[in-house]
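K.L.:
pasting the structure only:
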Ligand SMILES: C[S@@+](CC[C@H](N)C(=O)[O-])C[C@H]1O[C@@H](n2cnc3c(N)ncnc32)[C@H](O)[C@@H]1O
């Protein structure tokens, strides 16, 4: 029989790892043809994510809502074809989800940490994602060698810094699509000068629906409208945070 003291951590562990969306019939419909790959990715993250230092223990019980469904929110803003570069992919968020949902696009998972690129390479193999290239490196070192039709980023840096890293990776007419929390508008205002200098148009802050009953998320979309200055932007530090979304364009960011 288990002792009382031994059962507490077990109960806590179960509470931490039980995901209320596991088995939810809305998920296969939400991901459509990408479901098998996304479900497989969920299994890999659930089974190995904590052990390999990719997600915190508390995230295992909310992988669907906080990570996979959240990642899918950028997909409607991305092209069906061409090259999509996910900067700072980490465990593969949102890049692996994008690759599954945009099978006709080439998806580049750009990540500087070897431990993470090893993981990403394994995931891509396990899921048989034939449209993915894993690149180890820093975004700011890829300007001039890697050019995309879209760049995505989630939880990588505040917008002023992110503009300097991502706008040089876009062709004119391409777009940055960044998953952002409640500081999206403040960050967009703070980064407006850097964005304009690098050829970025006005930042649109959009509400991206997730799943019925779940909170929507904020997506910041910036189109590259001119070649801009290719030198890295001077930036100040910013923070990431999450909360409710709004729909509006930033003021003072006009060309
Ligand atoms: C907080 S993690 C977020 C990972 C993933 N996007 C997610 O949402 O779970 C930030 C990631 O950005 C990567 N990163 C940091 N600096 C970078 C840079 N200069 N260029 C590209 N990636 C960078 C880190 O190695 C890390 O994997």
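P.N.:
Alright, I've got the coordinates. Please read all numbers here as calculations on a predicted model, not as lab measurements.
K.L.:
Could you use CA atoms for every contact and neighbour count after this?
P.N.:
OK.
K.L.:
Show me where the chain has its helices.
P.N.:
Using DSSP state H, the helices of the chain run over 4-17, 26-31, 35-48, 70-72, 95-101, 114-126, 159-166, 184-190, 192-197.
K.L.:
Ignoring the adjacent residues along the chain, who's closest to residue 56?
P.N.:
Nearest non-adjacent residue to residue 56, counting by Cα to Cα, 6 or more residues apart in numbering: residue 50, 5.8 Å away.
K.L.:
max-length strand in this protein?
P.N.:
Assignment by DSSP state E gives strand 170-180 as the longest strand of the chain.
K.L.:
And it, what's buried?
P.N.:
170-172, 174-180 (16 or more other Cα atoms under 10 Å).
K.L.:
what's the closest of those residues to the ligand?
P.N.:
The ligand lies nearest to residue 179 out of these, by Cα to the nearest ligand atom, at 8.6 Å.
K.L.:
mind listing what the closest one touches?
P.N.:
71, 74, 152-155, 217-220 (Cα atoms under 8 Å, 6 or more residues apart in numbering).
K.L.:
Pipe these into JSON lines and attach neighbour count, distance to the ligand and pLDDT per row.
P.N.:
What follows is the contacts of residue 179, written out as JSON lines (neighbours: other Cα atoms under 10 Å; distance: Cα to the nearest ligand atom, whole Å; pLDDT from 0 to 100):
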{"residue": "71", "neighbour count": "23", "distance to the ligand": "8", "pLDDT": "97"}
{"residue": "74", "neighbour count": "26", "distance to the ligand": "12", "pLDDT": "97"}
{"residue": "152", "neighbour count": "28", "distance to the ligand": "9", "pLDDT": "98"}
{"residue": "153", "neighbour count": "25", "distance to the ligand": "6", "pLDDT": "98"}
{"residue": "154", "neighbour count": "24", "distance to the ligand": "4", "pLDDT": "98"}
{"residue": "155", "neighbour count": "19", "distance to the ligand": "5", "pLDDT": "96"}
{"residue": "217", "neighbour count": "24", "distance to the ligand": "13", "pLDDT": "92"}
{"residue": "218", "neighbour count": "29", "distance to the ligand": "14", "pLDDT": "94"}
{"residue": "219", "neighbour count": "27", "distance to the ligand": "13", "pLDDT": "97"}
{"residue": "220", "neighbour count": "29", "distance to the ligand": "15", "pLDDT": "97"}
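K.L.:
thinking again about what came up before, touching the ligand at all, the longest strand of the chain?
P.N.:
No: Strand 170-180 stays clear of the ligand (Cα under 6 Å from any ligand atom), getting no nearer than 8.6 Å.
K.L.:
Quick check: residues of the stretch 1-150 of the chain near the ligand?
P.N.:
Close to the ligand, as judged by Cα under 6 Å from any ligand atom, the stretch 1-150 of the chain has residues 87-91, 93, 111-113, 138-140.
K.L.:
Mind checking which of these are buried?
P.N.:
Buried subset of those (neighbour count, 16+ other Cα under 10 Å): 87-91, 93, 111-112, 139-140.
K.L.:
Out of these, name the ones that lie in strands.
P.N.:
Among these, the residues falling in strands (DSSP E) are 87, 111.
K.L.:
Out of the buried ones among the residues of the stretch 1-150 of the chain next to the ligand, which is nearest to residue 45?
P.N.:
Using Cα to Cα, residue 91 is the member of these that sits closest to residue 45, with 8.0 Å.
K.L.:
quick one: contacts for the closest one?
P.N.:
Residues in contact with residue 91, defined by Cα under 8 Å, 6+ apart, are 45, 49, 54-55, 116, 119-120.
K.L.:
could you measure it against residue 108, distance?
P.N.:
For residue 91, the distance to residue 108 equals 14 Å [Cα to Cα, to the nearest Å].
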